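# have a look at this prediction, sequence included:
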Amino acid sequence: MPMNAYSYTLLILLIPLFSFLLIGLTGHKYKPIISGLIGTAGLLIVAVLSYMTAIKYFWTDHVEGTAYTSFKAFETTWLHLTDNLTINLGVLLDPISVMMLVVVSTVSLMVHIYSLGYMKGEKGFARFFAFLSLFSFSMLGLVLATNIFQMYIFWELVGVSSFLLIGFYYDKPSAVSASKKAFIVTRFADLGFLIGILMLSFTTQTFDFQTLVSSDGPALTHTGGAVFMGLSAMTWALTFIFIGGAGKSAMFPLHIWLPDAMEGPTPVSALIHAATMVVAGVYLVARLFPIYSIVAPDALTIVAWVGGLSSLFAAIIACTQNDIKRVLAYSTMSQIGYMMLALGVSGYGGHDGLGFMAGNFHLFTHAMFKALLFLGAGAIIHSVHSNDMREMGNLRKYLPITHITFLIGCITIAGIPPLSGFFSKDEILVAALHHNIYLFAIEFLVAGLTAFYMFRLYFNVFWGKERHYHHTPHESPLVMTIPLMVLAFGAIFAGFLPFSELVTSDGLPFEAHINYAVAVPSVLIALVGITVAFLMYRRTSAAPDKVASALGGFYRGAYHKFYIDEVYLFVTHKIIFRYISQPVAWFDRHIVDGTMNLIGNTIEKSSYLIKGFQSGKVQQYGYVFISGTILLVIIFVYLW
Amino acid sequence: MTGNIPLEYFLVLSTLMFFTGIFGFLTRRNLITMLMSIELILNAVNINFVAFNHYLYPNQLQGHFFTLIIIAVAAAEAAVAIAIIINIYRSFKSIEVDKVNQMKN
């Protein structure tokens, strides 16, 4: 396969970087809309290039029946530290990175177009687009990274862009604290990632992904080595790396930043906190999947259980929230849990790699329908100026396009055939069933809960009682509804992509069938969820309150997100701040600063005392000199 | 010729001259007087050189030569010092040492 035929993929990285610099540096000089158009045009080119790459990679250049190879379209040595330790930057193409290219560029382009309408007239319009471009650049860099260190660099860059965009309304205290929370929590998790990188690269002596995952490479042939608490160094390394992934992907218990991140503008939530950045953790595990699967199956079990429990946990909370964006945020967390679980239950190679394929498939379809749902929620918020679903009702007659596209999103996420969510979720359930019956049971339950909470949201917003609105809600302009329609199209048809032939753990295609023993019950439970939601929320009634009071403490716990935030606050404020930070601060203020102040004060005082000696009067100097001489003479001649 | 005068006489004389010079150097504010005090100190040293040379090493001449060098250096020094003092006087309209406390006037 000719390498240089793909070297144009470097442009995919450079165009968003260029538009970020252009808008960021000169955006204040022209009309805001120009900045928006620059960013959107840049992303349009990126999207076209990504589609070209995908078509070329998956179809045109692919020889039927052979494995998809991974190769570097471009690589350069960035830091040459020693002959053995260099840090490279480049572009790596393999099935998952090409798939992610399509996801990131599609969603990013749609969000750019949508934002032209949604952010119209906002203060900081140009800044918004500059940050969106920065985010697109970082995310694409993360996806295309050739080595784990490059991935870490871009990993932090997406964290920064997420921080900047959550805190976009920086005059709003809640947005500021949400952005800080997101940054600190993910940064804390990234510490685990960094430790994992160091352990992994120390054990294998390489950063390079291709070397790491090659079947005769240092990682997969690594045996023995240090053992700590019964687990090998590789297992520890990959567990730490997963902590980084769990932080970015909002897995329990590092999920607390994601609901608060909804303080950012809604297009940002759609792009960063639903479709792209939060799946970086899934991507990371998928990227290192052969190592997880072959060398560190214990770490993979952790991935599976964290994913499964997070998805259940988030789905329960999502049923009780009233802020539509928060419902979607918990739904995102739940769906990412699905993907993690799919990777966690997967084996390596052939049909054993079903989970791997299903996880990536779900990542792909989820990006489409969750971006659709978020953008739809944005359109709703845009028209009624509220996030609270209790203040909405009967909106279907005001927002026909939003209504239809949102309904498509809800059906897709609920997993009703033949929409895309059904296919990917079905594969995950099959993979889970093959691996572990408990995990399958959890995911089966979550499938029902998902259908319930999404249709609870849907019926509350679009049906139910007419509310009093400040002004008559109106449908959004075309620039906002077209992305909705495009994404709805993606959500409907993405399921027909032959993923089991494209993205597999070992690059070889395999046959995946719909397993009716799993598919039929999962569709049924989704229908049950929808029916319950229909009965409870079709008309505004007292039924939900009755159910809530019947559930009692459990409902209150879920409503308060199971008090995880409070636990964090307790641990940080009452334990860490009081018993670690305050003593450290005291030590710093009194001992460290005190020593320095003492030295400074002593010198100042003593110099004040002796500064009179340097009077500039030559006779005084002579006097001192002669006195000293006489003194020395007396000492040495007479007293010695 | 000097056979009757003991060495101590010369030493007492040079000591008196030396400390007179020191006293003058430390107490006088007038630059010319200070210069004269320095000359006294140098001459006290000269007396010592000559006296010690004569009494302790009558066959050698190092003390005399040193004295001659000191006289020559003192003459040069006096010339330079007086030139500086004249310049100071032109700048400060004074040759009081305490008035000369600025690098630039």
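Sure thing, it's come through. Numbering: from 1, shown residues only, chains lettered A, B, ... in the order given.
# phi, psi for A:Thr77 please.
phi -80, psi 120 (degrees, to the nearest 10).
# list the beta-bridge partners for it.
Counting by DSSP bridges, A:Thr77 is bridged to A:Asn88.
# separation between it and A:Ile87?
Using C-beta to C-beta, to the nearest Å, A:Thr77 is found at 8 Å from A:Ile87. Every residue, glycine included, has its C-beta placed from N, CA and C.
# neighbour count: those two, which is higher?
Set side by side, A:Thr77 and A:Ile87 show more neighbours around A:Ile87, with 15 against 11, by other C-beta atoms under 10 Å in any protein chain shown.
# ok, now which ones touch that one?
Counting by C-beta atoms under 8 Å, 6 or more residues apart in numbering or on different chains, A:Ile87 makes contact with A:Thr77, A:Trp78, A:Leu79, A:Leu81, A:Asn147, A:Phe149, A:Gln150, A:Phe207.
# what's the helix or strand containing A:Ala441 packed up against?
Using DSSP states H and E, the element containing A:Ala441 is helix A:437-462. Contact here means 3 or more C-beta pairs under 8 Å, 6 or more residues apart in numbering or on different chains; DSSP states H and E; on that basis helix A:437-462 packs against helix A:297-318, helix A:324-344, helix A:400-414, helix A:420-435, helix A:516-537.
# list phi and psi for the nearest residue to A:Leu144 once chain neighbours are set aside.
Distances taken as C-beta to C-beta, 6 or more residues apart in numbering or on different chains put A:Val91 closest to A:Leu144, at 4.6 Å, once the chain neighbours are dropped. Here is the backbone geometry of A:Val91 (degrees, to the nearest 10): phi -130, psi 120.
# touching, A:Ala270 and A:Ala379? I think so.
No - using C-beta atoms under 8 Å as the test, A:Ala270 is too far from A:Ala379 to be in contact (10.8 Å).
# higher neighbour count, the two?
More neighbours surround A:Ala270 than the other of A:Ala270 and A:Ala379, with 32 against 29 (other C-beta under 10 Å).
# mind checking the SS state of that one?
Classification of A:Ala270 using DSSP: H, G, I helix; E, B strand; the rest coil returns helix.
# check it and give its pLDDT.
Note on A:Ala270: pLDDT of 87.
# then the one 5 residues further on?
The pLDDT attached to A:Ala275 in the predicted structure is 83.
# just A:Ile184 next, same as before
What the model reports as pLDDT for A:Ile184 is 89.
# next up, the contacts around it.
Listed by C-beta under 8 Å, 6+ apart, the contact partners of A:Ile184 are A:Trp257.
# toward the C-terminus, what is the element adjacent to the helix or strand hosting it?
Remark: A:Ile184 resides in helix A:173-204, with elements defined by DSSP H and E. Next along the chain after helix A:173-204, taking DSSP H and E as the criterion, comes helix A:209-213.
# so which bits of that following helix are buried?
Within helix A:209-213, the residues that count as buried by 16 or more other C-beta atoms under 10 Å in any protein chain shown are A:Phe209, A:Gln210, A:Leu212, A:Val213.
# so which elements touch that helix?
Applying 3+ C-beta pairs under 8 Å, 6+ apart, we find helix A:209-213 packed against helix A:173-204, helix A:289-294.
# quick revisit: which parts of the next helix-or-strand element following the helix holding A:Ala441 are buried?
Downstream of helix A:437-462, the first helix or strand assigned by DSSP H and E is helix A:478-493. Going by neighbour count (16+ other C-beta under 10 Å), the buried part of helix A:478-493 is A:479-488, A:490-492.
# would CSV of the residues you listed with distance to chain B and pLDDT be doable?
Formatted as CSV, the buried residues of helix A:478-493 follow (distance: C-beta to the nearest C-beta, whole Å; pLDDT from 0 to 100):
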residue, distance to chain B, pLDDT
A:Val479, 73, 83
A:Met480, 74, 85
A:Thr481, 79, 86
A:Ile482, 78, 89
A:Pro483, 75, 88
A:Leu484, 79, 88
A:Met485, 82, 90
A:Val486, 79, 89
A:Leu487, 79, 88
A:Ala488, 84, 89
A:Gly490, 81, 87
A:Ala491, 84, 87
A:Ile492, 88, 87
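# between those, which is nearest A:Val278?
Within the buried residues of helix A:478-493, proximity to A:Val278 (C-beta to C-beta) peaks at A:Leu487, which comes in at 17.0 Å.
# ok, the nearest residue to that closest one once chain neighbours are set aside - contacts?
Leaving aside its chain neighbours, A:Leu487 sits nearest to A:Leu372 (3.9 Å; criterion: C-beta to C-beta, 6+ apart). A:Leu372 sits next to A:Thr405, A:Phe406, A:Ile408, A:Gly409, A:Thr412, A:Leu484, A:Leu487, A:Ala488, A:Gly490, A:Ala491 when contact means C-beta under 8 Å, 6+ apart.
# what mean pLDDT does the helix or strand harbouring A:Leu372 have?
Secondary structure assignment for A:Leu372, by DSSP H and E: helix A:354-384. On average, the pLDDT along helix A:354-384 is 88.
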